[in-house]
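Visitor: Would you be able to build a 3D model of this:
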Amino acid sequence: MAQTIGSFRCGCSVERRWIMKMALILHQPAFRPQGRAKVGCKRKWASLTLVAVMMIGAWIAPAHAVDEIQVYNAEIAKVGEWTVQQHLNYALNGRKMPDFPGGLIPHHALNGTPEFGYGITNWWEFGFYVPWAIDKHGHFYSDAAKVRTLFVTPDAETREFFYGVNFEFAYSTMKFSETRFNAEVRPIIGWRKGDYEFIFNPIVDVGFGSKGEVTFAPAARLAKKVAENLQVGIEYYTDLGPLQQFLPLKEQEHNIYGVVDFKVGVWDVNFGVGYGLTPGSDRLMTKLIVGTDLNKLLPGKTPGSVPSAARRTGEKP
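Guide: Numbers count the residues shown, from 1 in each chain. Okay, here's the model as predicted:
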């Protein structure tokens with residue numbers, strides 16, 4: 001979401017405002033030197049201010065989706081049935097400063113969310129999340145809730161060309177966002193040919209309110225089926241910044257993940273390790289998504305009795 005830590009996308013104008021506020025504080029009278037060496041001290045304090053601002057600016061950067069690192073592939077729950085997924089993402093080497101004062105520090109933070117989806121028709125799915133995070137000190141934080149509605153081409157998992165669009169709305173808590181209400185528009189465009197698939201999600205995030213912005217954060221996936229119920233691939237996640245003016249490259253987020261998709265019984269698993277390519281990215285991340293059709297967990301159901309719930313991990317039934 002725009003300007004969230006749960007979705008970890010913060011607009012650069014908020015960061016710049018924080019930097020400017022700190023610079024102004026350092027120049028308040030209480031911080032100004034007095035006496036004969038006033039001019040020399042002013043220069044010294046000006047230099048210190050500049051250094052402080054530069055150091056803060058080096059740490060602060062827009063962030064990417066951490067509670068849900070995933071490329072949507074237009075597969076949805078069967079009509080009248082529920083699916084469940086658990087997302088877990090951990091910053092092995094993340095940014096050491098929050099994206100805004102009082103925000104969650106990404107480094108060594110575990111972000112996750114249980115996600116539930118319900119098939120309304122063969123082209124429409126409703127879903128909701130309850131995101132959370134645990135920081136490096138072991139403190140638990142809730143990010144309230146999100147709801148979404150997903151529209152796709154029917155039977156997308158069997159099509160060579162498929163598409164769709166997901167609309168997501170969130171109420172965020174103060175630890176995760178400076179804007180209480182946020183939204184995401186995620187188009188889905190994909191192609192499959194033989195054992196290969198390519199999927200593109202040109203995501204637009206919106207933060208509502210005086211601190212809100214509209215940012216562009218496209219994601220993509222290229223994968224190959226190498227065995228039954230086994231895929232390997234590359235996923236790419238970005239945050240380019242505000243639509244009206246993208247951030248400089250070094251402040252953008254560019255993360256590349258090596259991923260593998262497989263099954264464990266009735267559970268579909270997507271696991272990946274990601275590396276940040278720019279200073280504005282978390283350097284090393286891991287992600288895990290475990291999901292299934294809830295129908296498969298009912299007594300009397302066998303693993304093969306219900307089509308696969310690898311709705312967005314890219315696996316074909």
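Visitor: how about the closest residue to residue 216 other than its chain neighbours, what does it touch?
Guide: Leaving aside its chain neighbours, residue 216 sits nearest to residue 240 (4.9 Å; criterion: CB to CB, 6 or more residues apart in numbering). Every C-beta, even on glycine, is put in place using the N, C-alpha and C of the backbone. Taking CB atoms under 8 Å, 6 or more residues apart in numbering, we find residue 240 in contact with 215-218, 246-247, 252.
Visitor: will you turn those residues into CSV that also has pLDDT?
Guide: Output for the contacts of residue 240, formatted as CSV (pLDDT from 0 to 100):
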residue, pLDDT
215, 95
216, 97
217, 96
218, 97
246, 96
247, 95
252, 93
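Visitor: From the opening residue of stretch 155-166 to its closing one, how far?
Guide: Terminal residues of stretch 155-166 are spaced 16 Å apart (CA to CA, to the nearest Å).
Visitor: Show me the strands in the stretch 51-200 of the chain, by range?
Guide: Shown for the stretch 51-200 of the chain, the strands assigned by DSSP state E, counting those that start in this stretch span residues 82-93, 110-121, 124-129, 132-134, 140-142, 145-152, 161-171, 181-193, 196-201.
Visitor: could I get the ones you listed as a markdown table with mean neighbour count, distance to residue 236 and mean pLDDT?
Guide: Listed next are the strands of the stretch 51-200 of the chain as a markdown table, based on neighbours: other CB atoms under 10 Å; distance: least, CB to CB, whole Å; pLDDT from 0 to 100:
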| stretch | mean neighbour count | distance to residue 236 | mean pLDDT |
| --- | --- | --- | --- |
| strand 82-93 | 19 | 16 | 96 |
| strand 110-121 | 20 | 19 | 97 |
| strand 124-129 | 20 | 23 | 98 |
| strand 132-134 | 20 | 24 | 97 |
| strand 140-142 | 13 | 28 | 97 |
| strand 145-152 | 19 | 21 | 98 |
| strand 161-171 | 18 | 18 | 98 |
| strand 181-193 | 19 | 14 | 97 |
| strand 196-201 | 19 | 10 | 98 |
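Visitor: could you redo those as JSON lines and give each row distance to residue 210?
Guide: JSON lines is the format used below for the strands of the stretch 51-200 of the chain (distance: least, CB to CB, whole Å):
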{"stretch": "strand 82-93", "distance to residue 210": "29"}
{"stretch": "strand 110-121", "distance to residue 210": "26"}
{"stretch": "strand 124-129", "distance to residue 210": "26"}
{"stretch": "strand 132-134", "distance to residue 210": "25"}
{"stretch": "strand 140-142", "distance to residue 210": "24"}
{"stretch": "strand 145-152", "distance to residue 210": "22"}
{"stretch": "strand 161-171", "distance to residue 210": "17"}
{"stretch": "strand 181-193", "distance to residue 210": "12"}
{"stretch": "strand 196-201", "distance to residue 210": "28"}
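Visitor: Quick check: which of these is nearest to residue 286?
Guide: strand 82-93 (5.1 Å; CB to CB).
Visitor: Strand 110-121 and the closest one, what's the angle between them?
Guide: Per axes from the mean of the first three to the mean of the last three CA atoms, to 10 degrees, the angle that strand 82-93 makes with strand 110-121 is 160 degrees.
Visitor: before we move on, back to that, let me know which of the strands of the stretch 51-200 of the chain is the nearest to residue 297.
Guide: That would be strand 82-93 among the strands of the stretch 51-200 of the chain, by CB to CB, at 8.7 Å.
Visitor: okay, stretch 90-107 in PDB with CA atoms only?
Guide: Included here for stretch 90-107 are C-alpha records, laid out as PDB according to Å, rounded to 0.1, in the frame of the first residue of the first chain:
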ATOM      1  CA  TYR A  90      11.900 -12.000   7.000                       C
ATOM      2  CA  ALA A  91      14.500  -9.300   6.500                       C
ATOM      3  CA  LEU A  92      17.900 -11.100   7.000                       C
ATOM      4  CA  ASN A  93      19.600  -7.800   6.200                       C
ATOM      5  CA  GLY A  94      17.100  -5.000   6.000                       C
ATOM      6  CA  ARG A  95      17.100  -1.200   6.400                       C
ATOM      7  CA  LYS A  96      18.100  -0.100   9.800                       C
ATOM      8  CA  MET A  97      15.900   3.000  10.000                       C
ATOM      9  CA  PRO A  98      12.100   3.300   9.800                       C
ATOM     10  CA  ASP A  99      10.400   4.900   6.800                       C
ATOM     11  CA  PHE A 100       8.900   7.600   9.000                       C
ATOM     12  CA  PRO A 101       9.200   8.500  12.700                       C
ATOM     13  CA  GLY A 102       7.800   5.800  14.900                       C
ATOM     14  CA  GLY A 103       7.500   3.300  12.000                       C
ATOM     15  CA  LEU A 104       8.600  -0.300  12.100                       C
ATOM     16  CA  ILE A 105      12.300  -1.000  11.400                       C
ATOM     17  CA  PRO A 106      12.500  -3.500   8.600                       C
ATOM     18  CA  HIS A 107      15.900  -5.100   9.700                       C
END
